[in-house]
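>>> what's the 3D shape of this:
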Amino acid sequence: MGTFLQRALDDGNALLVSDAGRRRITYVAVARTENFDDPEEKVRAEYWAELIYRYGYGPAVIGIEVTVPDRTPRDAADLVVFRDATRKRPYAVIECKQDGVSDSEFAQAVEQAAGNGTWAKLRALYVGVVAGKTRRFLDFTGRYGVLEREQNIIADLPSQYGKPLEFKYHLGGPLDISAVSRDELILAIRKSHQTLWGGGRLSPPQAFGELCKLIFVKISDEQAKRRQGESYQFQIKTHEAAADLASRIHDLYSAHQKRDPGVFSESIRISDSQVLTIVSHLESIHLSETDLDVKGLAFEQFMDGFFKGDFGQYFTPRDVIRFAVDVIEPTNDDLVLDPACGSGGFLLYALDAVRREAGQYYPDDDVKHYRHWHDFATRNLFGIEINDEICRVAKMNMILHDDGHSNIADGDALRPIDEISARNQNFTAGIFDVVLTNPPFGSTIELSEHKYLESYYLGQTKEDLKGRHKPRKSQKTEILFIERVWQFLRPNGRAAIVLPDGVLYNASLDYVREYMLTAFEILAVFSLPSSAFAHYGTTVKASVVCLRKRTGIETPSDDELTFMAAPQMIGYDASGRPTENELPAVVAEYRKFLVSPKAYLS
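Residues are numbered from 1 along each chain as shown. As a prediction, this is how the structure comes out:
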């Protein structure tokens, strides 16, 4: 329950009672009782209390369900602010809708509010629509006709019968932007994505890519230098048309893009009206101050809902990611790479692991705690993603987690490393301490299309009796990624790779296993249940394989032991529903094994 409504209940301006399992709210000053279990009633109650405690209007001047005279069919305004307690002279008419309504439903509510508010017998100066944090207010004081819906948009309803402010939110002002809960953030992102996606105008990743650009502007504006009392720029301005607002947002985007050119290379490509709507969804939220865990969980849940099916190959189940990271235990000294990073899940969980590590050494409010994980985020996390749309998702994920986005590169991670490092010198062979990755399964690299295949040892046939090799005509991507992981790792570097079980057990791939045994010490094989990836549209049986790159003079030893486990309960089932989770217990057993493998087995 919001703080304003709680104050109203505490002060006796409203009463909330339960009757036969139903909750009813009474607005005392106007003796009106309504069903509080109705989602729209909750929005109205919250905003009614806000009118009292933030805008300064007394309970006696706020009408509830006010009949609009002579309207056909009979209509009633949700809230009417009157000029005095006699409630004869309307000042503002407001419609309330459930948070999360579609853009078309919101537009209909604007028409309803405008129709009620401009009706001759209920002539009001201002009208508005409130749908949770998404709000719009219109000025009908005389400068604009009754059909105007854009030029007369104002930043906020005036307080205490005053004049509209130019901007609503100011740093340290009476109303500042604020951090939000996970559910509030999910809803805001979902509403914004729906505005862009609109039932298919853009693909889900394209829509999310455009949303990422606006979130980039939002965060950049939050972090810009400003004095106390100065307004933020990512918000609606009074009497500013959608085209002018969009132009201002485009200018902000261009300015921040020049300061940080590695994030986005192209301009914002959505309509002015879409910019206006998304700004209305996000303007009140302080993304930078919202808890990192809240942002992480919100974006995970959002992406789980929108990027399955055709794009499921870019997303690894988070329980599997968490497990792989816990097994490897990266520290803030490690250089960490995911050469098939998708949305950035492995990198973000590695960052979370280092944040937990910081908590072992420093208090949360200590600057050393911040430096411990933030320096790791900006200097030690690296990713490569072949799909440029998903690459933008990964960059935005990193920005939201402070930060490391500049170390996410788009492109084919299997092309020659010198070509990769020519674009970004940080991607160099033999330097990474940790590789965490789930390479794409099932795709095939054809020699006719990618000449680099012949440069891979695993891109060659086995040597014949004369010691000769020949290039293969094709090879599976997951097999080439095994060799690429070896190339990126430093000697003794460690990796956790998700591999299809065929690589580990098919008789025809014995040469791959021979390569793995020669190039790596195989520390562990964790066989995942067949349901592990079903939620993302594939039933491939897979395992998490943990490896250590051998040194140059090291050869396999018969004394080497490999930890093997086959957990069945991994935190979710084939449909994605939560289940028991054996993975933490498996991690604990693996750590006991690492202390002394022979003693563990005995």
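
>>> check which helix or strand covers Tyr91.
Secondary structure from DSSP states H and E places Tyr91 in strand 90-96.

>>> Give me the helices and strands touching that strand, please.
helix 39-53, strand 75-82, helix 103-118, strand 126-131 (3 or more C-beta pairs under 8 Å, 6 or more residues apart in numbering; DSSP states H and E). The way it works is simple: take the backbone N, C-alpha and C, and place the C-beta from them, glycine included.

>>> Let's have those in JSON lines, adding mean pLDDT.
Listed next are these as JSON lines, based on pLDDT from 0 to 100:
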{"stretch": "helix 39-53", "mean pLDDT": "96"}
{"stretch": "strand 75-82", "mean pLDDT": "93"}
{"stretch": "helix 103-118", "mean pLDDT": "90"}
{"stretch": "strand 126-131", "mean pLDDT": "96"}
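
>>> Name the stretch among those that sits most buried.
Scoring those by mean neighbour count under mean count of other C-beta atoms under 10 Å gives strand 126-131 as the most buried, with a mean of 25.

>>> CA atoms only: put that one into PDB for me.
Extracted in PDB, the C-alpha atoms of strand 126-131 (Å, rounded to 0.1, in the frame of the first residue of the first chain):
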ATOM      1  CA  TYR A 126      -7.300  20.500 -16.400                       C
ATOM      2  CA  VAL A 127      -8.000  16.900 -17.100                       C
ATOM      3  CA  GLY A 128      -5.800  13.900 -16.500                       C
ATOM      4  CA  VAL A 129      -5.400  10.100 -16.700                       C
ATOM      5  CA  VAL A 130      -3.600   8.100 -14.100                       C
ATOM      6  CA  ALA A 131      -2.600   4.500 -14.700                       C
END
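
>>> now for the next helix or strand after that strand, which elements pack on it?
Proceeding N to C from strand 126-131, the next assigned helix or strand is strand 134-139, under DSSP H and E. In terms of contacts (3+ C-beta pairs under 8 Å, 6+ apart), strand 134-139 is packed against helix 103-118, strand 126-131, strand 153-154, helix 272-282.

>>> Can you tell me which of these is nearest to Pro205?
Among these, helix 272-282 comes nearest to Pro205, with 16.8 Å by C-beta to C-beta.

>>> helices and strands around the closest one, which ones?
strand 134-139, helix 182-197, helix 204-223, helix 242-259.

>>> Output the ones you listed as a markdown table; include the columns mean neighbour count and distance to Tyr362.
Shown next, in a markdown table, are those (neighbours: other C-beta atoms under 10 Å; distance: least, C-beta to C-beta, whole Å):
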| stretch | mean neighbour count | distance to Tyr362 |
| --- | --- | --- |
| strand 134-139 | 23 | 39 |
| helix 182-197 | 21 | 26 |
| helix 204-223 | 22 | 23 |
| helix 242-259 | 16 | 30 |
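
>>> In JSON lines: these, plus mean pLDDT and distance to Asn380.
Formatted as JSON lines, the helices and strands packed on helix 272-282 follow (pLDDT from 0 to 100; distance: least, C-beta to C-beta, whole Å):
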{"stretch": "strand 134-139", "mean pLDDT": "96", "distance to Asn380": "39"}
{"stretch": "helix 182-197", "mean pLDDT": "88", "distance to Asn380": "27"}
{"stretch": "helix 204-223", "mean pLDDT": "85", "distance to Asn380": "22"}
{"stretch": "helix 242-259", "mean pLDDT": "91", "distance to Asn380": "22"}
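
>>> Now the strand holding Tyr91 - C-alpha only, CSV.
Taking Å, rounded to 0.1, in the frame of the first residue of the first chain, the C-alpha atoms of strand 90-96 are listed here in CSV:
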residue,chain,number,x,y,z
PRO,A,90,-14.8,21.8,-11.1
TYR,A,91,-11.1,22.5,-11.4
ALA,A,92,-9.7,19.2,-12.6
VAL,A,93,-11.2,15.9,-13.9
ILE,A,94,-9.1,12.7,-13.6
GLU,A,95,-9.7,9.2,-14.9
CYS,A,96,-8.0,6.3,-13.2
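
>>> Just list what the helix-or-strand element of the chain with minimal mean pLDDT packs against, helices and strands only.
The least trusted helix or strand in the chain, going by mean pLDDT, DSSP states H and E, turns out to be helix 292-306, with a mean of 71. Contact here means 3+ C-beta pairs under 8 Å, 6+ apart; on that basis helix 292-306 packs against helix 182-197, helix 204-223, helix 345-361, helix 388-400.

>>> Ile482 is nearest to which of those helices?
Evaluated over the helices and strands packed on helix 292-306, closeness to Ile482 peaks at helix 345-361, with 16.4 Å, by C-beta to C-beta.

>>> And the next helix or strand past the closest one?
Toward the C-terminus, helix 345-361 is succeeded by helix 367-379 as the next helix or strand (DSSP H and E).

>>> circling back to that earlier point, please dump the helices and strands packed on strand 90-96 into a markdown table; it should also carry distance to Phe441 for every row.
Shown next, in a markdown table, are these (distance: least, C-beta to C-beta, whole Å):
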| stretch | distance to Phe441 |
| --- | --- |
| helix 39-53 | 43 |
| strand 75-82 | 53 |
| helix 103-118 | 38 |
| strand 126-131 | 43 |
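
>>> Mind checking those for the one nearest to Thr555?
Of all the helices and strands packed on strand 90-96, it is helix 103-118 that lies closest to Thr555, at 64.6 Å by C-beta to C-beta.

>>> rewinding a little: who wins for proximity to Ala519 among the helices and strands packed on strand 134-139?
Short answer: helix 272-282, nearest of those by C-beta to C-beta, at 48.0 Å.

>>> for Ala495, phi and psi?
Main-chain dihedrals, Ala495, degrees, to the nearest 10: phi -140, psi 150.

>>> that older thread, need the next SSE after the least confident helix or strand of the chain, C-terminal direction.
Downstream of helix 292-306, the first helix or strand assigned by DSSP H and E is helix 318-328.

>>> following that following helix, which helix or strand shows up next?
As assigned by DSSP H and E, the chain's next helix or strand after helix 318-328 is strand 336-338.

>>> Now do that following strand: distance to the chain's middle.
For strand 336-338, the separation from the chain centroid amounts to 20 Å (computed by C-alpha atoms, centre = their mean, to the nearest Å).

>>> Tell me the helices and strands packed up against it.
helix 345-361, strand 381-385, strand 432-437.

>>> Run through the neighbouring helices and strands of the first one.
What that stands for is helix 345-361. Applying 3+ C-beta pairs under 8 Å, 6+ apart, one finds that helix 345-361 makes contact with helix 292-306, helix 318-328, strand 336-338, helix 367-379, strand 381-385, helix 388-400, strand 432-437.

>>> low-confidence ranges in the stretch 351-500 of the chain?
Counting by pLDDT under 70, the ranges of the stretch 351-500 of the chain that qualify are 402-404, 464-467.

>>> Any idea what the nearest residue to Ser280 once chain neighbours are set aside is bridged to?
Of all residues not flanking Ser280 in the chain, Thr134 sits nearest, at 5.3 Å (C-beta to C-beta, 6 or more residues apart in numbering). Beta-bridge partners of Thr134, counted by DSSP bridges, are Ala131.

>>> Repeat that for the one 5 residues further on.
For Asp139, the beta-bridge assignment (DSSP bridges) gives partners Tyr126.

>>> surely it meets Tyr126?
Yes. Using C-beta atoms under 8 Å, Asp139 is in contact with Tyr126, at 6.2 Å.

>>> I'd like the distance between Val525 and Val545.
Using C-beta to C-beta, to the nearest Å, Val525 is found at 5 Å from Val545.

>>> Check the helices and strands packed on strand 336-338 for me and report the most buried one.
Note that of the helices and strands packed on strand 336-338, strand 381-385 is the most buried (mean count of other C-beta under 10 Å), with a mean of 27.

>>> Output that one as PDB - backbone C-alpha positions only.
Once non-C-alpha atoms are left out, strand 381-385 reads as follows in PDB (Å, rounded to 0.1, in the frame of the first residue of the first chain):
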ATOM      1  CA  LEU A 381      34.500  -8.700 -17.900                       C
ATOM      2  CA  PHE A 382      34.500  -9.400 -21.700                       C
ATOM      3  CA  GLY A 383      31.900 -10.800 -24.100                       C
ATOM      4  CA  ILE A 384      31.400 -11.500 -27.800                       C
ATOM      5  CA  GLU A 385      28.000 -11.900 -29.400                       C
END
